[in-house]
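In: Just a sequence and a predicted model for now, questions to come.
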Amino acid sequence: MDNVRIDDPITFEVVKNALSSLTDEMAITVMRTAHSEIVRDAMDFSTALCDAEGHLVAQGLTLPLHLGAIPDAAGKLVEKFDGDIHPGDVFVVNDPEEGGMHLPDIFLFKPIFLGGRLIAYAACVAHHTDIGGRVPGGNAVDSREIFEEGLQIPILKLYDRGEPNRSLIEIIAKNVRVPQIVLGDLGAQRAACHTCEQGYLKLIDRYGVERLEQLIEMILDYSERLLRARLTEVPEGTYAFEDHIDDDGFGSGPISIRVALTFSNGGVIADFSGTSRQVGSALNSTVSVTKSIVYMALMCVTGGEIPSNDGFYRPVSVLVPRGTILNPFPPAARAARGLTAFRVADCLFGALHQALPGRSLAAGDGGATLLAIGGVRSDGRPHILVEGICGGWGGRPGKDGVDGTSPVASNITNVPVEYIELHQPLKVEEFGFVTDTGGPGRWRGSLSVVRQLRFLGDRGVLQVRSDRRRFLPYGLEGGKPGSPSSNILNPGPLEEVLPTTFTRSISYGDVIRHITAGGGGYGDPRQRAYELVAQDVIDEKLSPDYALREYGVQVDVEELGAGTLGLPSHGGAPRDEFGPYDRSPSPPNPPAPRDGVA
């Protein structure tokens, strides 16, 4: 590595950014041509360029959770079809045993050729609205086997030398509830791969294939060298952390996620031994997902300027015992693996906070809540909404947690209210922040987000994948935990408190109210600046009583000219089967105000 030399730094930098821009162009192509809310609006997809061996060269600014999955799937493709890869081929896969993650995530790979020589692969993975199975959307936590979750696609040719595989396309169309949307999104993925192919060939025209491949190898070595240099800053040793998922979706739990990070000689080993065994529900994940989260967490704490590619992965080893929830034996269900991935991220940031103090953030909302509502309209047409409801981040060194944004391990967004109401038999009755829910800290955790929807169809199926009700988002450096998540059916006198994960039937007029968990705080709440507390009260993020109780700050609203705030209630957030939540070690009685009035 010490012998790596960049003899033409200007060309090196231009090509490095050109490759990154190329994968971003792929992402823009998907957004402009996709058909579904979950792909086009929520942006649950990723794009990448791999070399001829399947190694990741560049990735678009989309989902970090897919970082390690694309090269794993590409490697399986190269191995399976060695000698049978031709110009015009397009490969498809979603099978977790052949490099996939969960069945709704469908990968497309297009080999790129120059004069009959295979030189690269364009890749795009997207979360599809439906993949068949027993429930619309294919995301139910209470599936017992992968066979219940939908159509499994091993690595196959969707296009063979430019000709569509009509048999496979018909099988896919016949097994999903919304074939026009699913095939439309597959077309968007193919278009993105075509965009990559055109752009890559233009780079070859400019630099020549040998020079471009030499520059790519230098870029990979550059990423490796930068990461190893950053890892040598970490005191050698092992740093461990444990976090939990509330239950397995059937009422059994908690589920432990454990990681031990061992730093030595410019490398790191992430060992997940001690993690709970695989479960009988769909919370099981895959090794490729765990790798993705490890790479993402390291990127966050080592600086964002290191290019995301195979060189970054070289100093990192990930050990995941077989038979655990992170590496299950088939036919384990895996549809809800995203929740498990988010908890892996929380574990990693907890361990990295010990290794590199001051670079991690407190736990956020527990990961985007996945909500799916599907059914059949009166005219027989199916409808499916799949969306991720995003809460926000935990507090960070020097900054509050970001309210109402995607989890760090993801990069998705909430589906616009107007689009939901225009295309789905749903009315969005409330969408906003919930006061007094961010974990207290010198740097406050993000507020909870409430999403309340009324179902206007005849009958439907509702699926929710959420967490962080029993095990609240943790705080760091004296920051207190965030608040719990909540699911309520038909809020009011006869409301029903629902578990964190469930699948159930709904009928016309039913209302589902979901509140995400609030992020944990960072640092001692009593060190938070008076003006920040006061501003939060003015902005209705905190109530005056809460500011006094948790921060010791008495806010005179009238003196600040805020008038009557009219603060909203928790809307049911603290009420669940586990009883009222408690942010211990908060004192039982409000403390006396600190000197002065904010």
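Out: That came in fine, so what should we check first?

In: Every contact and neighbour count from this point should use C-alpha atoms.
Out: OK.

In: Tell me the first helix or strand C-terminal of the longest helix along the chain.
Out: Identified as the longest helix of the chain according to DSSP state H is helix 179-207. On the C-terminal side of helix 179-207, the closest following helix or strand by DSSP states H and E is helix 209-231.

In: by contact count, what packs against that following helix?
Out: Contact analysis of helix 209-231 by 3 or more CA pairs under 8 Å, 6 or more residues apart in numbering; DSSP states H and E lists helix 9-33, strand 267-271, helix 287-302, helix 310-313 as its packing neighbours.

In: can you dump the C-alpha coordinates of the last one into CSV?
Out: The one in question is helix 310-313. What follows is helix 310-313, C-alpha atoms only, in CSV (Å, rounded to 0.1, in the frame of the first residue of the first chain):
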residue,chain,number,x,y,z
ASP,A,310,-14.2,-2.4,-2.7
GLY,A,311,-11.0,-0.8,-1.4
PHE,A,312,-12.8,0.5,1.6
TYR,A,313,-13.9,-3.0,2.4
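
In: hey, where'd the helices end up in the stretch 451-598 of the chain?
Out: 530-538, 544-551, 557-560 (DSSP state H, counting those that start in this stretch).

In: any idea of the mean pLDDT in the shortest one?
Out: Pointing back at helix 557-560 there. Helix 557-560 shows a mean pLDDT of 71.

In: Could you do stretch 75-83 as well?
Out: 96.

In: Next: stretch 431-443.
Out: 97.

In: gap between that stretch and the chain center?
Out: 21 Å (CA atoms, centre = their mean, to the nearest Å).

In: How about stretch 303-317?
Out: That offset, for stretch 303-317, works out to 19 Å (CA atoms, centre = their mean).

In: for it, which positions count as buried?
Out: For stretch 303-317, a neighbour-count test (16 or more other CA atoms under 10 Å) marks 306-317 as buried.

In: Need the contact partners of it.
Out: Applying CA atoms under 8 Å, 6 or more residues apart in numbering, the contact partners of stretch 303-317 are 55-59, 219-224, 226-228, 266-270, 295, 299.

In: and the end-to-end length of stretch 348-366?
Out: In stretch 348-366, first residue to last residue: 13 Å (CA to CA, to the nearest Å).

In: Return the list of strands paired to the helix or strand encompassing Val92, each annotated with direction.
Out: Val92 is part of strand 90-93 when elements are defined by DSSP H and E. Within its sheet, strand 90-93 is paired with strand 105-114 (antiparallel), strand 156-160 (antiparallel), according to DSSP bridges.

In: most tightly surrounded among the ones you listed?
Out: A comparison of these by mean neighbour count, using mean count of other CA atoms under 10 Å, puts strand 105-114 on top with a mean of 24.

In: next helix or strand past that one?
Out: Following strand 105-114 in sequence, per DSSP H and E, is strand 117-127.

In: Would you mark the buried spots in stretch 65-81?
Out: 65-77.

In: Revised request: answer the last question for stretch 193-213.
Out: Under the neighbour-count criterion of 16+ other CA under 10 Å, stretch 193-213 has 193-197, 199-201, 209, 212-213 buried.

In: send the alpha carbons of it over as PDB?
Out: Output of stretch 193-213 as PDB, limited to C-alpha atoms (Å, rounded to 0.1, in the frame of the first residue of the first chain):
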ATOM      1  CA  CYS A 193     -28.200   0.300 -16.000                       C
ATOM      2  CA  HIS A 194     -28.300   1.500 -19.600                       C
ATOM      3  CA  THR A 195     -27.400   5.000 -18.400                       C
ATOM      4  CA  CYS A 196     -24.400   3.600 -16.600                       C
ATOM      5  CA  GLU A 197     -23.300   1.600 -19.700                       C
ATOM      6  CA  GLN A 198     -23.400   4.600 -21.900                       C
ATOM      7  CA  GLY A 199     -21.500   6.800 -19.400                       C
ATOM      8  CA  TYR A 200     -18.800   4.200 -18.800                       C
ATOM      9  CA  LEU A 201     -18.200   3.700 -22.500                       C
ATOM     10  CA  LYS A 202     -17.800   7.500 -22.900                       C
ATOM     11  CA  LEU A 203     -15.100   7.400 -20.200                       C
ATOM     12  CA  ILE A 204     -13.400   4.600 -22.100                       C
ATOM     13  CA  ASP A 205     -13.500   6.700 -25.200                       C
ATOM     14  CA  ARG A 206     -11.800   9.500 -23.400                       C
ATOM     15  CA  TYR A 207      -9.100   7.600 -21.400                       C
ATOM     16  CA  GLY A 208      -8.900   4.200 -23.000                       C
ATOM     17  CA  VAL A 209      -9.800   1.000 -21.300                       C
ATOM     18  CA  GLU A 210      -6.400   0.100 -19.900                       C
ATOM     19  CA  ARG A 211      -5.800   3.600 -18.500                       C
ATOM     20  CA  LEU A 212      -9.300   3.700 -17.000                       C
ATOM     21  CA  GLU A 213      -8.900   0.300 -15.300                       C
END
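
In: which residues sit against it?
Out: With contacts defined as CA under 8 Å, 6+ apart, stretch 193-213 is touched by 19, 22-23, 25-26, 29, 49, 109-110, 112, 114, 122-124.

In: Where neighbours are concerned, which of these has the most?
Out: Using other CA atoms under 10 Å as the neighbour test, the contacts of stretch 193-213 are led by Ala123, with 33 neighbours.

In: how about the nearest residue in space to it that is not next to it in sequence, what does it touch?
Out: In this structure, Ala123 finds its nearest non-sequential neighbour in Phe109, 4.5 Å apart by CA to CA, 6 or more residues apart in numbering. Neighbour list for Phe109: 74, 90-92, 121-124, 193 [criterion: CA under 8 Å, 6+ apart].

In: Do I have it right that Leu361 meets Gly395?
Out: Yes. In this structure, Leu361 is within contact of Gly395 by CA atoms under 8 Å, at 5.8 Å.

In: who has more neighbours, the two?
Out: Just comparing Leu361 and Gly395: by other CA under 10 Å the higher neighbour count belongs to Gly395, 34 against 31.

In: Tell me how far the more buried one lies from Ala341.
Out: 20 Å.

In: And Cys196, by the same measure?
Out: From Cys196 across to Ala341, the span is 29 Å (CA to CA).

In: you'd agree Val279 is up against Asn327?
Out: No. At 10.7 Å, Val279 does not count as touching Asn327 under the criterion of CA under 8 Å.

In: Val402 reaches Gly394, doesn't it?
Out: Yes. Judged on CA under 8 Å, Val402 makes contact with Gly394 at a distance of 7.5 Å.

In: Show me which of these two is the more surrounded one.
Out: Taking other CA under 10 Å, Val402 and Gly394 do not tie; Gly394 has more neighbours (39 against 20).

In: contacting residues for that one?
Out: 361-365, 400-402, 439, 444-446, 473, 475, 518-522 are the contacts of Gly394 under CA under 8 Å, 6+ apart.

In: element containing it?
Out: Using DSSP H and E, Gly394 falls outside every helix and strand.

In: Now the phi/psi pair for it, please.
Out: phi -80, psi 170 (degrees, to the nearest 10).

In: follow-up on the earlier one: can you put the buried residues of stretch 193-213 in a markdown table and add pLDDT and distance to Ile155?
Out: Formatted as a markdown table, the buried residues of stretch 193-213 follow (pLDDT from 0 to 100; distance: CA to CA, whole Å):
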| residue | pLDDT | distance to Ile155 |
| --- | --- | --- |
| Cys193 | 98 | 17 |
| His194 | 98 | 19 |
| Thr195 | 98 | 22 |
| Cys196 | 98 | 21 |
| Glu197 | 98 | 20 |
| Gly199 | 97 | 25 |
| Tyr200 | 98 | 24 |
| Leu201 | 98 | 25 |
| Val209 | 95 | 28 |
| Leu212 | 96 | 29 |
| Glu213 | 96 | 27 |
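
In: Would you indicate which residues of the worst-scoring helix or strand of the chain on mean pLDDT are buried?
Out: Using mean pLDDT, DSSP states H and E, helix 557-560 stands out as the lowest-scoring helix or strand of the chain, at a mean of 71. Buried residues in helix 557-560, counted by 16+ other CA under 10 Å: Val557.
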